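Peer 1: Have a look at this fold, sequence not included:
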């Protein structure tokens, strides 16, 4: 499944969300958060709307090359998602004010950009250790909130990665190939030296390819289609 044997590379760079870590209980966490604000809805309904909104706004997102990527723009993007979910859940029928909706969306953003909800996939610790044992350098290129380094530190893996390129901290975001060129510049590596691993066809396969970087898709969920690997262990042969 790899473009070349892993031994042909000097480094493996990774996406983070749905590649190295996930929020396994996202629908329960959101349901409980909303229930604490007296919005009582079923776990399945909340979860289905979260998935719908994520696919609509994230997978359907078109990159605006003139729009700066900042912590503020990231918050604004996720505020749209949470506002969409709340409207679909009928907050106006519950007589919520715009201020209440606004406060709730901010609260959800802060909750989901903190370290507690996240969990590493079960193959991550073992696989990154094995890759390093083979002499490969590891890096991160991720569209994420500015809190990502703190989350990775909390999970005990930040020290494995150099460079760590986070969209909101560098002002670039995937699928702009410029973020991959930046990673190469900071690492001192050539594109041919790097394999990139991620879950998103446009952001994590097409975009690195535009920068001359080989990429492989990791399919963590049933809805992930196409050719790829299902575990990081497959990188090791």
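Peer 2: Noted; the coordinates are in hand. Only a predicted model underlies this, so the values are computations on that prediction, with no experimental measurement involved. Residues are numbered from 1 along each chain as shown.
Peer 1: use CA for all of it now, contacts and neighbours both
Peer 2: Fine.
Peer 1: Sketch out the strands for the chain, chain order is fine.
Peer 2: Along the chain, counting by DSSP state E, strands occupy 11-14, 21-22, 119-120, 137-142, 161-166, 194-198, 214-217.
Peer 1: Tell me where the longest helix sits in this structure.
Peer 2: Longest helix in the chain by number of residues (criterion: DSSP state H): helix 71-88.
Peer 1: Pull out the buried residues from that helix.
Peer 2: In terms of neighbour count (16 or more other CA atoms under 10 Å), helix 71-88 has its buried residues at 71, 74-75, 78-79, 81-86.
Peer 1: Kindly tell me how buried residue 116 is, as a neighbour count.
Peer 2: Neighbourhood size, residue 116 [other CA atoms under 10 Å]: 12.
Peer 1: ok, so what distance separates it from residue 146?
Peer 2: Noted for residue 116: a distance of 15 Å to residue 146, by CA to CA, to the nearest Å.
Peer 1: what do you get for residue 204?
Peer 2: To residue 146, residue 204 is 19 Å away according to CA to CA.
Peer 1: Equivalent analysis for residue 111, please.
Peer 2: 14 Å.
Peer 1: where in this structure is pLDDT low?
Peer 2: For the chain, applying pLDDT under 70 flags the ranges 59-66.
Peer 1: repeat that for 80
Peer 2: Within the chain, the set of residues satisfying pLDDT under 80 comprises 1, 58-68.
Peer 1: okay, the strands of the chain in a markdown table with distance to residue 55 and mean neighbour count next?
Peer 2: Putting these into a markdown table (distance: least, CA to CA, whole Å; neighbours: other CA atoms under 10 Å) gives the following:
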| stretch | distance to residue 55 | mean neighbour count |
| --- | --- | --- |
| strand 11-14 | 21 | 24 |
| strand 21-22 | 16 | 16 |
| strand 119-120 | 21 | 18 |
| strand 137-142 | 18 | 23 |
| strand 161-166 | 21 | 21 |
| strand 194-198 | 16 | 25 |
| strand 214-217 | 18 | 23 |
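Peer 1: Dump those strands to a markdown table, plus distance to residue 98.
Peer 2: Formatted as a markdown table, these follow (distance: least, CA to CA, whole Å):
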| stretch | distance to residue 98 |
| --- | --- |
| strand 11-14 | 39 |
| strand 21-22 | 30 |
| strand 119-120 | 33 |
| strand 137-142 | 32 |
| strand 161-166 | 32 |
| strand 194-198 | 37 |
| strand 214-217 | 40 |
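Peer 1: how about these, which one is nearest residue 47?
Peer 2: Across the strands of the chain, residue 47 has its closest neighbour in strand 21-22 (14.4 Å, CA to CA).
Peer 1: all helices for this structure, in order.
Peer 2: Along the chain, the stretches classed as helices by DSSP H are 26-35, 43-54, 71-88, 98-112, 124-133, 148-154, 167-170, 178-187, 207-210.
Peer 1: Which one of these lies nearest to residue 225?
Peer 2: That would be helix 43-54 among these, by CA to CA, at 16.2 Å.
Peer 1: Show me the contact partners of the closest one.
Peer 2: Outside helix 43-54, the residues within contact range by CA atoms under 8 Å, 6 or more residues apart in numbering are 26-28, 30-31, 81, 84-85, 88-89.
Peer 1: try 7 Å
Peer 2: By CA atoms under 7 Å, 6 or more residues apart in numbering, the list of residues contacting helix 43-54 from outside reads 27-28, 31, 81, 84-85.
Peer 1: Noted, bye for now.
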